[in-house]
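>>> predicted coordinates and the sequence they were generated for:
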Amino acid sequence: MTSQVAFVEIAQPYAQALLSIAQSKNLTEEFGEDARTLISLLSTNKELQSFLGNPFIQPENKKSLIKQLVGEGGNPYLRNFLLVLVDKRRIAFLEPILQQYLALLRQLNQTVLAEVTSAVPLTEAQQQAIREKVIAITNARQVELETKVDGELIGGVIIKVGSQVIDASIRGQLRRLSLRLTSG
């Protein structure tokens, strides 16, 4: 648990600095899209994650890789920010920094993150219905969905918004029924 706290303590100031840069250049949403892309890339590519996090790899090699990843067409402010992370030996914290940036961006836009776990992939209409339900519950302006599929749910969905969990899965209903039957 301590490492999570350390991650947040390190990630927070860098994420705030990135948001500050994005706001001053009016690029908050563009940086948000880039952050989502980089997080996806890091989570699916463990070699990239270990390369950036390896303290024995020379900073110049990491910078060269970042320049290739972001490319010449990429945002120069974001590229420079990533290069500063290499200089400050904080590039290993890139994923938590980007996650924290997205959290700050959601706060700024009055958007809530709803983590939705379903038994099968949701249709666009189902996702929209969940967004509307979450907006009604939270009074947020917008809802960002993060969807996962878990076949063990049998059917239905579990929606998590912050610390609030709405379990509308068949597995959850069976568990509640079982508890009522055993306690009665």
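Structure's in. What do you need?
>>> check contacts around the residue most central in space within the chain.
Against the mean C-alpha coordinate of the chain, by CA atoms, centre = their mean, the closest residue is residue 99 at 4.7 Å. Contact analysis of residue 99 by CB atoms under 8 Å, 6 or more residues apart in numbering lists 11, 39. Every residue, glycine included, has its C-beta placed from N, CA and C.
>>> the strands in the protein, which residues?
In the chain, the strands defined using DSSP state E lie at 111-118, 142-149, 156-161, 164-169.
>>> just name the most buried of these.
Stretch with highest mean neighbour count among the strands of the chain: strand 111-118 (a mean of 20; mean count of other CB atoms under 10 Å).
>>> and that one, how far out from the chain's middle?
Strand 111-118 has its C-alpha centroid displaced from the chain centroid by 11 Å (CA atoms, centre = their mean, to the nearest Å).
>>> excluding chain neighbours, what is closest to residue 160?
The spatial neighbour of residue 160 that comes closest, neighbours along the chain excluded (CB to CB, 6 or more residues apart in numbering), is residue 115 at 4.3 Å.
>>> for that neighbour, give me its contacts.
Going by CB under 8 Å, 6+ apart, residue 115 touches 146, 148, 159, 160, 161.
>>> cool, residue 171 as well?
So residue 171 contacts 152, 153, 154, 156 (CB under 8 Å, 6+ apart).
>>> swap in residue 120?
149, 155.
>>> what comes up buried for the longest helix anywhere in the chain?
Counting by DSSP state H, the longest helix found in the chain is helix 2-24. The neighbour-count check on helix 2-24 (16 or more other CB atoms under 10 Å) flags 7, 10, 11, 12, 14, 15, 18, 19, 21, 22 as buried.
>>> just stretch 40-56 next, same as before
By neighbour count, with 16+ other CB under 10 Å as the criterion, the buried positions of stretch 40-56 are 42, 48, 49, 52.
>>> mind listing the helices for the chain?
Remark: helices assigned in the chain by DSSP H are 2-24, 28-44, 46-53, 59-70, 76-87, 94-108, 124-138, 170-183.
>>> can you list the helices and strands that the longest one packs against?
Using 3 or more CB pairs under 8 Å, 6 or more residues apart in numbering; DSSP states H and E as the contact criterion, the neighbours of helix 2-24 among helices and strands are helix 28-44, helix 76-87, helix 94-108.
>>> between those, which one is nearest to residue 122?
Closest to residue 122 of the helices and strands packed on helix 2-24, according to CB to CB: helix 28-44, at 18.6 Å.
>>> so which elements touch that closest one?
Judged by 3+ CB pairs under 8 Å, 6+ apart, helix 28-44 is in contact with helix 2-24, helix 46-53, helix 94-108.
>>> before I go, just wanted to say thanks for your time.
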